[in-house]
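J.: coords please:
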Amino acid sequence: MKLSKLAGLTLAASVLAFTAAAQDRILRVAPAAPPAHPANGVLYTNFGQYLPEESEGRLGTTMLGPEVVNLGQMKDALQSQVAEVGNFLPLYYPAELPYMALAGELSLTSGNSQAAAAAMTQFIVECEPCQQELSNFGFVYLGSGASDVYEILSTRPVHSVADLQGLRLRSGGAPWARFAEHFGAVPAQISVNDTFEAVSSGVVDGSMASIADLISFRLVEVIRHVTFLPLGLYQATSNFMTSGATWESLSVEDRAAMLVELSRLDPHPESVPINALVRVPGTPLESLPPIDPLELVRMIATARILMPRSRVRLSAGRSELGREAQLLCMYAGANSIFYGEKLLTTPNPGPDEDTDLLRSAGLTALPA
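T.: Numbering: from 1, shown residues only. Below you'll find the model as predicted:
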């Protein structure tokens, strides 16, 4: 199904979301990880494969390796548009992104990658201060992922708390640093890309990381022991953070193409929020014309057909839609709305209005 005239619509997904740009454009993408890492070998490799197919050859990608843009350089790379889309980790910038990094502070409590990714996406989408932080950076957030569960990867065995005393462990952020210090280990803030060199030269004795790092960063050559502990997982991510300038150049057809690409995820995302752009004064997109409500209806219907088990959420911009348009969206396949008088920084219909709307549609809200 081909859609047209979708300017002003945005799409976000709970685990992965991305929207592309102009005809015959090659996007510079940066996974900030080597080919063996899932961010490179799965996420970005598949993205580069599917994007030309779904955009009918209009879009392609060129991948920048970690030797060009690494995780610590991602902020500057996106702001300068050296990279247009990149794997961005808020925990690298806790002072500048305190609200986004807050979710990372809870990393040790997580144990399911899919659930953590969905929860992180939901949090960032609904977190007004988070959105303001990203706006200040000139970034557009399109969804989060999460790593496998973290373990202790070390050059010597760890069987007890006593074995942790003085053990120098590479830490991926403050939560793991605090864990290490609590049990007498010594955390080292080293880039994951430098872990192999740090371990092989004896600077550190190991790393608190996903077991996949054994292959992704060649640690299998220097690590001798894996200690399975509930060390949480890395959930404070934005796997496809997009430069604001790139976002502003999105084309109509390619938004629809990204809907189709999203449907190729296995399994389909639990949540697919579909937003109508709210033209906020003082923002770069304030002068765009209002969207045609029927185009929003068509987008929702397409999402429902392509992803029958997902929750298709009628999200931002409802205050600019008439009652009839909102009802059409529900009849077309939207089975969730964001409830409350404000969504992020923009107004939303009040609770009484939504209760009346659902009653008129003959729908009943599920219990919380």
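J.: what number of residues lie near the residue nearest to Gly172 when sequence neighbours are not counted?
T.: Ranked by C-beta to C-beta, 6 or more residues apart in numbering and with sequence neighbours excluded, the top spatial neighbour of Gly172 is Tyr234, at 6.1 Å. Every C-beta, even on glycine, is put in place using the N, C-alpha and C of the backbone. The burial metric for Tyr234, expressed as a neighbour count using other C-beta atoms under 10 Å, is 25.
J.: Next up, the contacts around Cys130.
T.: Neighbouring residues of Cys130 by C-beta atoms under 8 Å, 6 or more residues apart in numbering: 97, 99-100, 123-124, 141.
J.: so it sits in a helix?
T.: Yes - the assignment for Cys130 by DSSP: H, G, I helix; E, B strand; the rest coil puts it in a helix.
J.: Gly184 versus that one, what's the distance?
T.: Between Cys130 and Gly184 the distance is 35 Å, computed by C-beta to C-beta, to the nearest Å.
J.: Gln235: what secondary structure?
T.: Criterion first, three-state DSSP; result for Gln235: coil.
J.: ok, the residue nearest to Gly172 - contacts?
T.: With contact taken as C-beta under 8 Å, 6+ apart, Tyr234 is in contact with 89, 91, 104, 107, 146-147, 150, 172-173, 210.
J.: how about 10 Å then?
T.: Residues in contact with Tyr234, defined by C-beta atoms under 10 Å, 6 or more residues apart in numbering, are 89, 91, 104, 107, 110, 113, 116, 145-150, 172-173, 175-176, 192, 209-210.
J.: same thing with Cys329?
T.: Contacts for Cys329 were tallied using C-beta under 10 Å, 6+ apart; they are 274, 276, 293, 296-297, 299-301, 312, 314, 318, 321, 337, 361.
J.: per-residue confidence for Gln189?
T.: Confidence per residue is given as pLDDT, and for Gln189 that number is 88.
J.: hmm, I was thinking of Val220
T.: Confidence at Val220, expressed as pLDDT, is 92.
J.: Three-state assignment for the closest residue to it other than its chain neighbours, please.
T.: In space, not counting the residues next to it along the chain, Val220 is nearest to Leu214; the distance is 4.3 Å by C-beta to C-beta, 6+ apart. Classification of Leu214 using three-state DSSP returns helix.
J.: mind listing the helices in the stretch 201-350 of the chain by residue range?
T.: Chain-ordered helices for the stretch 201-350 of the chain, with DSSP state H, counting those that start in this stretch as the definition, fall at 213-216, 244-248, 252-262, 293-306, 323-332.
J.: ranking the ones you listed by mean pLDDT, which is last?
T.: Across the helices of the stretch 201-350 of the chain, the lowest-scoring stretch is helix 252-262, with a mean of 67.
J.: do you know how far the nearest residue to Ser144 once chain neighbours are set aside is from Ser80?
T.: Spatial nearest neighbour of Ser144, excluding adjacent residues (C-beta to C-beta, 6+ apart): Met120 at 4.0 Å. Between Met120 and Ser80 the distance, using C-beta to C-beta, works out to 26 Å.
J.: Looking at those two, which is more packed in?
T.: Neighbours per residue (other C-beta under 10 Å) separate Met120 from Ser80, with Met120 holding more: 26 against 10.
J.: Following element in sequence after the helix or strand of the chain with the lowest mean pLDDT, please.
T.: For the chain, the helix or strand with the lowest mean confidence is strand 9-11, at a mean of 37 (criterion: mean pLDDT, DSSP states H and E). Under the assignment DSSP states H and E, the closest C-terminal helix or strand after strand 9-11 is strand 25-30.
J.: Good, we can wrap up now.
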